[in-house]
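Colleague: Let's see this in three dimensions:
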Amino acid sequence: MRFSKLPKTFDEQIDLLTQRGMAVADRARARHYLAHLNYYRLGAYWLPLEQDHNSHQFRPGTTFEQVLRLYVFDRELRLLVLDAIERIEVSIRTQWAYHLSHTYGSHAHLDKTLFKAKWNHSGNISKLKRDVGKSHEVFMQHLRRKYDEILPPLWAICEIMTLGALSMWFANLRHGKDRNAIAHTYDLDEVNLTSFLHHLSTVRNICAHHGRLWNREFTFTWKIPIHRPAVLLENFHNHGERRIYNTLVMLAYLMDQTSPKHHFKTRLHELLKKHSVDDTAMGFPDNWWELEFWMTTK
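Modeller: Next comes the predicted model:
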């Protein structure tokens, strides 16, 4: 079967939405947003408002403004989450480089015996070499000119690693004691930090490519802490494990450790209050705001 649908003008898109039961109070405003946000992008936000997916008929009372508010909320949520991820990523980079360099030396990343045998250490070293060669960072160019080394030291090389790469370099450390030395900085077990970093690299990519966080179901479920830290254990929601809520709990906890003056919890509260969105679609439990964890802000 070949795709035969013809593209629709912005006015035709509005007509289609109204035929399906969506109220559009201001056609000029709707045309403006459809011209700059794309019908299919907004479609991800009005899809849950359909009462019948086959006919695409909307539930009574559905409005274009309602969809737009939901989109704006999700955009602001992505920016808040991306800001938190940046701070946490930089912190973990620092701890990874600090522990390995003080324990095994400045170029510990070149020692393949420190990493799992099944991991392609040589291939990842080659990738680092390519990344160093392409880097325009002034500090990297200085190190290449001044020193005759295969790669720069850990504290420099970590600064050009992506979150995904950092996650793999952390997860593939051979010894659990090395992973725990880093994880214990945050009072976490290494198995949980390893899993969360893998998950966080996915969340980061979604945010960076303007994907949807509201009501998204994640394919990979990370390993939620069950032993430590005590402040977290009663705050996860196992019935929404594929949604963003548990991720926000861990981000809030790590932000309290790394950037307490950012007030991540307060900002999240204010964002949800401002837009009055359906937080159950993100895996939030009932009365989550009454939990001591969320009431404790710094």
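
Colleague: and the gap between Leu37 and Trp46?
Modeller: Leu37 is 12 Å from Trp46, where distance means C-beta to C-beta, to the nearest Å. The way it works is simple: take the backbone N, C-alpha and C, and place the C-beta from them, glycine included.

Colleague: and the protein, what are its domains?
Modeller: 10-62, 70-295 (automatic domain parsing).

Colleague: More neighbours: Leu37 and Trp46, which one.
Modeller: Trp46 (22 against 14; other C-beta atoms under 10 Å).

Colleague: can you pull the contacts of that one?
Modeller: In this structure, Trp46 makes contact with Leu17, Met22, Phe58, Thr62, Val67, judged by C-beta atoms under 8 Å, 6 or more residues apart in numbering.

Colleague: can you list those in TSV and add distance to His269, pLDDT and secondary structure?
Modeller: Listed next are the contacts of Trp46 as TSV, based on distance: C-beta to C-beta, whole Å; pLDDT from 0 to 100; DSSP: H, G, I helix; E, B strand; the rest coil:
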residue	distance to His269	pLDDT	secondary structure
Leu17	33	96	helix
Met22	30	97	coil
Phe58	30	96	strand
Thr62	27	96	coil
Val67	24	96	helix
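
Colleague: Return the helix or strand in this protein with minimum mean pLDDT.
Modeller: Within the chain, no helix or strand scores below helix 138-146, which has a mean of 62 by mean pLDDT, DSSP states H and E.

Colleague: On the C-terminal side of it, identify the next helix or strand.
Modeller: Counting by DSSP states H and E, the element after helix 138-146 in chain order, helix or strand, is helix 154-157.

Colleague: Find the residue closest to Glu76 in space, skipping its chain neighbours.
Modeller: Closest residue to Glu76 apart from its sequence neighbours, by C-beta to C-beta, 6 or more residues apart in numbering: Leu271 at 5.8 Å.

Colleague: Also Glu217?
Modeller: Distances taken as C-beta to C-beta, 6+ apart place Arg242 nearest to Glu217, at 4.5 Å, with adjacent residues excluded.

Colleague: How much space separates that neighbour from Arg59?
Modeller: To Arg59, Arg242 is 24 Å away according to C-beta to C-beta.

Colleague: Okay, strands next: where are they in the stretch 1-150 of the chain?
Modeller: Assigned by DSSP state E, counting those that start in this stretch, the stretch 1-150 of the chain shows strands spanning 50-52, 57-58.

Colleague: Can you work out which other helices and strands pack against the shortest one?
Modeller: Packing contacts for strand 57-58, counted by 3 or more C-beta pairs under 8 Å, 6 or more residues apart in numbering; DSSP states H and E, involve strand 50-52.

Colleague: Against which helices or strands is the strand it packs on packed?
Modeller: By 3+ C-beta pairs under 8 Å, 6+ apart, strand 50-52 packs against strand 57-58.

Colleague: Work out the sheet partners of the strand it packs on and label each with its direction, please.
Modeller: strand 50-52 (antiparallel) (DSSP bridges).

Colleague: picking up where we left off before, same list, the domains of the chain, but as a markdown table with distance to Phe3 please.
Modeller: Compiled in a markdown table, the domains of the chain are given as follows (distance: least, C-beta to C-beta, whole Å):
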| stretch | distance to Phe3 |
| --- | --- |
| domain 10-62 | 14 |
| domain 70-295 | 23 |
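
Colleague: any idea which of the ones you listed scores lowest on pLDDT?
Modeller: Ranked by mean pLDDT, the domains of the chain end with domain 70-295 at the bottom, a mean of 91.

Colleague: Just give me the neighbour total for the nearest residue to Leu291 once chain neighbours are set aside.
Modeller: Counting by C-beta to C-beta, 6+ apart, Leu291 lies nearest to Asn235, which is 5.7 Å off, once chain neighbours are set aside. Neighbourhood size, Asn235 [other C-beta under 10 Å]: 20.

Colleague: could you list every residue that touches Asn235?
Modeller: Asn235 neighbours (C-beta under 8 Å, 6+ apart): Val249, Leu291, Phe293, Trp294.

Colleague: rerun at 7 Å
Modeller: Contact analysis of Asn235 by C-beta atoms under 7 Å, 6 or more residues apart in numbering lists Val249, Leu291, Phe293.
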